[in-house]
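Asks: Fold the following.
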Amino acid sequence: MAEEGKYIYCIIGTNEGRNFGPIGIGGRGEIVSTIGYEDLSAVISNSPLDKYVVNKENLIAHEKVVEEVMKNYTVLPMRFCTVASSAEEVRNLLRKRYLELKNLLKDMDNKIELGVKAFWKEMKVIFQEMVDEDKKIKSLKEKIAKKSLKESYTEGIKLGKIVKAALEVKRDKEGQEIINVLKRISYNFHLHETEGDEMLINAVFLVDRAREREFDNQIHELVSKYSPRVKFKYIGPTPPYNFVNLNLK
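Replies: Below you'll find the model as predicted:
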């Protein structure tokens, strides 16, 4: 039988013993409860000490627990698959890092994470805009059109590099316009790498709960403003996974 430990989901600012129900990771119906030290508690469930496979099922199980706790508490999410060997190791974590955790809870108090992705709708339109805006691209494109496929090979490679660079400039410019609007309502934000030619921004924002409606309204205004050419994907509220990254060490 596998040795048992304590899976840690998040840290909260209370010494009140809590039972969040049989919602623990692993599909064993483990009770999610708390282990406390002073005025801090770790939200835990019994768990094998073995590493969990990083798959959709386990990630969702972890996130569901943190989101359930977030309904009533400010949370400091722990990194996925953080398993302590015992309740005493959990208490040692809370004791040794007490001031750090207290300060983080203060920083995250009443904060939520909101994710925003933006995509160009029609890349044909975007590429045509680049041709119209950049004389170098337009000239080289016209030159290639007059040559055979074999003759235009070198120019085609050159054009591809120029277009790629111009696309990055265009993405940065238009994406920054959107970021500038949303960061004014945010406590903090992070930018992630974009994926594919269509994606303009891939960002997460740390927002005070009191300003969530204001942020929502601003998203609606952006959707309306950019609707002919940009689509948005808006995710949240979620725990501040991108602003807190705790582990046992």
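
Asks: Tell me which residues touch residue 94, please.
Replies: By CB atoms under 8 Å, 6 or more residues apart in numbering, the contact list for residue 94 reads 11, 35-38, 40-42, 101. Placement of C-beta: from N, CA and C, glycine included.

Asks: Check residue 110 too.
Replies: 74, 208-210.

Asks: Which PyMOL command selects the buried ones in these?
Replies: To isolate the buried members of these in PyMOL, using 16 or more other CB atoms under 10 Å:
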select buried, resi 74
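
Asks: Which of the contacts of residue 110 fall within strands?
Replies: Judged by DSSP state E, those include residue 208 as members of strands.

Asks: now, which of the contacts of residue 110 sits nearest residue 111?
Replies: Distances from residue 111 to the contacts of residue 110, taken as CB to CB, are shortest for residue 208 (6.1 Å).

Asks: Mind listing the residues bridging to that closest one?
Replies: Counting by DSSP bridges, residue 208 is bridged to residue 111.

Asks: Just the ones of the contacts of residue 94 in strands?
Replies: Among the contacts of residue 94, DSSP E puts 11, 35-37, 40-42 in strands.

Asks: so where is the chain shaky, pLDDT-wise?
Replies: 1-2, 134, 136-160 (pLDDT under 70).

Asks: now the helices: where do they sit in it?
Replies: Per DSSP state H, the chain carries helices over the ranges 56-70, 87-96, 98-108, 123-133, 135-145, 153-183, 212-226.

Asks: Just put those helices in a markdown table and tack on distance to residue 80.
Replies: A markdown table is the format used below for the helices of the chain (distance: least, CB to CB, whole Å):
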| stretch | distance to residue 80 |
| --- | --- |
| helix 56-70 | 5 |
| helix 87-96 | 16 |
| helix 98-108 | 18 |
| helix 123-133 | 35 |
| helix 135-145 | 44 |
| helix 153-183 | 27 |
| helix 212-226 | 25 |
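
Asks: Please verify my assumption that residue 188 contacts residue 243.
Replies: Yes. Look at residue 188 against residue 243 with CB atoms under 8 Å: they come within range, at 6.3 Å.

Asks: Ok, which of the helices of the chain comes nearest residue 79?
Replies: Comparing the helices of the chain by CB to CB, helix 56-70 comes nearest, at 9.6 Å.

Asks: So which bits of that closest one are buried?
Replies: Under the neighbour-count criterion of 16+ other CB under 10 Å, helix 56-70 has 58, 61-63, 65-70 buried.

Asks: ditto for stretch 241-249
Replies: Buried residues in stretch 241-249, defined by neighbour count with 16+ other CB under 10 Å: 241-244, 246.

Asks: What would that stretch look like as PDB? C-alpha coordinates only.
Replies: What follows is stretch 241-249, C-alpha atoms only, in PDB (Å, rounded to 0.1, in the frame of the first residue of the first chain):
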ATOM      1  CA  TYR A 241      -2.500  31.200  -9.900                       C
ATOM      2  CA  ASN A 242      -0.200  33.400 -12.000                       C
ATOM      3  CA  PHE A 243       0.600  35.800  -9.100                       C
ATOM      4  CA  VAL A 244       1.300  33.200  -6.400                       C
ATOM      5  CA  ASN A 245       3.500  30.100  -6.900                       C
ATOM      6  CA  LEU A 246       4.000  28.300  -3.600                       C
ATOM      7  CA  ASN A 247       5.700  25.000  -2.900                       C
ATOM      8  CA  LEU A 248       7.000  23.200   0.100                       C
ATOM      9  CA  LYS A 249      10.600  24.400  -0.300                       C
END
